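1. Sequence first, then the predicted structure:
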There are 4 protein chains.
Amino acid sequence: MGKLVFYYGVMGCSKTANALITRFQYLEKGKKVLLIKPALDTRDNIDNKSIIASRIGIQAEAYAVRIDESIASLLSRDTYDIIICDEAQFLTTAQVNELRNLSKYIDIICYGLRTDFQSHLFEGSKRLFELADNIYEIEGVCTCGKKAVINARLTADKKIIYHGDQLELGGNDKYVGMCWDCWQRGNI
Amino acid sequence: MGKLVFYYGVMGCSKTANALITRFQYLEKGKKVLLIKPALDTRDNIDNKSIIASRIGIQAEAYAVRIDESIASLLSRDTYDIIICDEAQFLTTAQVNELRNLSKYIDIICYGLRTDFQSHLFEGSKRLFELADNIYEIEGVCTCGKKAVINARLTADKKIIYHGDQLELGGNDKYVGMCWDCWQRGNI
Amino acid sequence: MGKLVFYYGVMGCSKTANALITRFQYLEKGKKVLLIKPALDTRDNIDNKSIIASRIGIQAEAYAVRIDESIASLLSRDTYDIIICDEAQFLTTAQVNELRNLSKYIDIICYGLRTDFQSHLFEGSKRLFELADNIYEIEGVCTCGKKAVINARLTADKKIIYHGDQLELGGNDKYVGMCWDCWQRGNI
Amino acid sequence: MGKLVFYYGVMGCSKTANALITRFQYLEKGKKVLLIKPALDTRDNIDNKSIIASRIGIQAEAYAVRIDESIASLLSRDTYDIIICDEAQFLTTAQVNELRNLSKYIDIICYGLRTDFQSHLFEGSKRLFELADNIYEIEGVCTCGKKAVINARLTADKKIIYHGDQLELGGNDKYVGMCWDCWQRGNI
């Protein structure tokens, strides 16, 4: 009997580092870990193999789950003690529903962004807020020192962009976690 | 400099009792508390006065905020140290945005349901998950002993209803917090 | 398979109200609750019957466990689904050890003060910090608006007392939750 | 106006990795971080320079604070935005008191063990449980899959030792986080 857990946080709050540390801890205990991420994020994805890397200098290979792929099918091919998912904001509603059902048998820990650059939930984070057994924040900090709650999208010369498509892949060059006030005042 | 906090939980998890206890604690410290609830819930609403009551036997009068009413305007009429909102799932997106801005000056604590009887976010809870500084759960328990994560809607003879309108007011007679498995199996 | 949970907080943070609400929630689900408190607190104790009362206006009868009494023996007389303990700071080390062992079979939730009027752990809270599966805070607020972390002992004319015996029973007339700075500066 | 925060956990739960990630996040934001650890842990300490290293493959140089050294004096030599302390269970009561006072001006985050191999608090963790503004757990897992709450001390051939001195330095070869039941039954 497992649990579905969601750790959310802003860009740059070390979600990936936390996912890798959790994986490491289970591996040390001799557990079998299925590390996945939605394939939507194609920055470093070839076939179903994808590298999950944290800026702090640690990484691991994950299984990149395609948007129309069943996560349950992965479990039927091999046995695991836990599923860890990075970039969980990009999971589909159907995939989170699937994780919800799988959590009857296995622990599942998801790491992902809360909201997009306009403060709206992603499909995956929305469904995780609706269904997770436990919701925890990995706190990020704004440059002003306050807690960051929104992911600002930046132009190349570090101006905040307030309009555009929800999906535009990028790392710390293009996104930065900010507090509400600084974000509203464009105070980067 | 305040914070916007969201306590979410299933039906019957004592959200209202917690709201009233928090209010009591601030009153004891000599603080001025603005207790509000969205007027959408018209069960006991006359004009802008509404009674917030917990089954455990405590209650207080709240200001019932109409769907098109500005919460900021209430603050301009009187000064307060804290805003406490019950049934926050029924706030509008515009009202949560307003609370987000007001939290620059004053602490705001919202209590509300996470999701409706089909496991979907309400307008108010959705916006609070997107914007709150802190998100905490008030845990509820399923009859089976596991943690409750969904609000089942019940017929008069205690069968689970899976289809219908999102809004259908009712208390513990009509709704019950359940775990995912029991809910899916209709195992009330 | 249960858990041993410790909710700690300062004087006046509504620990008792929370204990009673949790009890109420389990009773509503048809669960059998064993409500206990250490008999050391003799304010309203006759034999093994003691009233647990919150200032907000709710109360219930608890079993007052004597300092040399076994909690396990209570379970052998009757069956319960959960044990809820108020004033848990007054439990003995042996009793917390006993709860730790009992938590293999039953959920146990303890509510109690963190520290005494000189910022030192009590016997019961010390052992609970050492052994609990989960430790949560019920936050209290200082008059200055900051979070309260210490329980100041007061004279009849509301001056802070910094020396004396650890145990001196009293309620909100004699103790008040304060932040560290106000307490150090005697700034009540 | 800062806060004193204590993250506790068992051996092998990634406390050090978390300390280094938090440091990294603040450095990325251009903040000045004072990374310290009590010099009591002399495994890799030369003068006041000590390497803090996580098994996952990240490390940083810390200032090793001697048992009789003032942490405040470090702040007078240089300015910092935050203090991060690893192995905080080895701080003295006086040093935690000092951190408590310094937290008026600066944020302080401590990472450390909860208890020793006999389930008793260390001097530093005891004082942090008494005084911290916020107490969070970094969860560790027992081999059996349950949550780890105690640090078992092991012989070279992996038997649990139940008696001895509180202090006996060692890493994952000598200590392992376990749940209460497995520890009591010697079930490693």
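-> Right, received. Where do you want to start?

2. Just give the number of residues close to the one residue in chain A that gets nearest to chain B.
-> Going by C-beta to the nearest C-beta, chain B is nearest to A:Phe129 of chain A, at 4.7 Å. For glycine as for every other residue, the C-beta is placed from the backbone atoms N, C-alpha and C. If you count neighbours by other C-beta atoms under 10 Å in any protein chain shown, A:Phe129 ends up with 24.

3. what's in contact with stretch A:94-101?
-> When contacts are defined by C-beta atoms under 8 Å, 6 or more residues apart in numbering or on different chains, stretch A:94-101 is touched by residues A:4, A:38, A:65, A:70-72, A:83, A:85, A:91, A:108, A:110, A:124, A:127-128, A:131, B:180, B:184.

4. Can you flag the buried ones in the residues you listed?
-> Neighbour counting with 16 or more other C-beta atoms under 10 Å in any protein chain shown marks A:4, A:38, A:65, A:71, A:83, A:85, A:91, A:108, A:110, A:124, A:127-128, A:131, B:180 as buried within the contacts of stretch A:94-101.

5. Sort out which of the residues you listed are in strands and list them.
-> Judged by DSSP state E, strands contain the following of the buried ones among the contacts of stretch A:94-101: A:4, A:38, A:65, A:83, A:85, A:108, A:110.

6. Neighbours of A:Leu167, how many?
-> Neighbour tally, A:Leu167, other C-beta under 10 Å: 11.

7. Give me the phi and psi for it.
-> Main-chain dihedrals, A:Leu167, degrees, to the nearest 10: phi -100, psi 120.

8. For it, list the residues it contacts.
-> Applying C-beta under 8 Å, 6+ apart, we find A:Leu167 in contact with A:Leu40.

9. What is the burial count for A:Leu75?
-> A:Leu75, neighbours per other C-beta under 10 Å, totals 16.

10. Would you mind listing what in chain A touches chain B?
-> Within chain A, the positions adjacent to chain B are A:100-101, A:103-104, A:114-115, A:119-121, A:126, A:129-135, A:137, A:147, A:149, A:180-181, A:184 by C-beta under 8 Å from any C-beta of the partner chain.

11. same thing but at 6 Å, please
-> Contact residues (C-beta under 6 Å from any C-beta of the partner chain) of chain A with chain B: A:100, A:115, A:119, A:121, A:129-130, A:133, A:147, A:180.

12. and which of these is nearest C:Phe24?
-> Lowest distance from C:Phe24 to the residues of chain A next to chain B (C-beta to C-beta) belongs to A:Asp133, with 22.9 Å.

13. show me the contacts for that closest one.
-> Neighbouring residues of A:Asp133 by C-beta atoms under 6 Å, 6 or more residues apart in numbering or on different chains: A:3-4, B:147.

14. Nearest spatial neighbour of A:Ala62, chain-adjacent residues omitted?
-> Spatial nearest neighbour of A:Ala62, excluding adjacent residues (C-beta to C-beta, 6 or more residues apart in numbering or on different chains): A:Leu35 at 4.3 Å.

15. what about dumping the CA coordinates of the one helix or strand that neighbour maps to to CSV?
-> Here A:Leu35 sits within strand A:33-38, counting by DSSP states H and E. Listed next in CSV are the C-alpha coordinates belonging to strand A:33-38 (Å, rounded to 0.1, in the frame of the first residue of the first chain):
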residue,chain,number,x,y,z
VAL,A,33,13.8,2.8,-8.4
LEU,A,34,11.9,3.6,-11.6
LEU,A,35,13.1,7.2,-12.4
ILE,A,36,10.8,8.8,-15.0
LYS,A,37,10.1,12.2,-16.6
PRO,A,38,7.5,13.2,-19.2
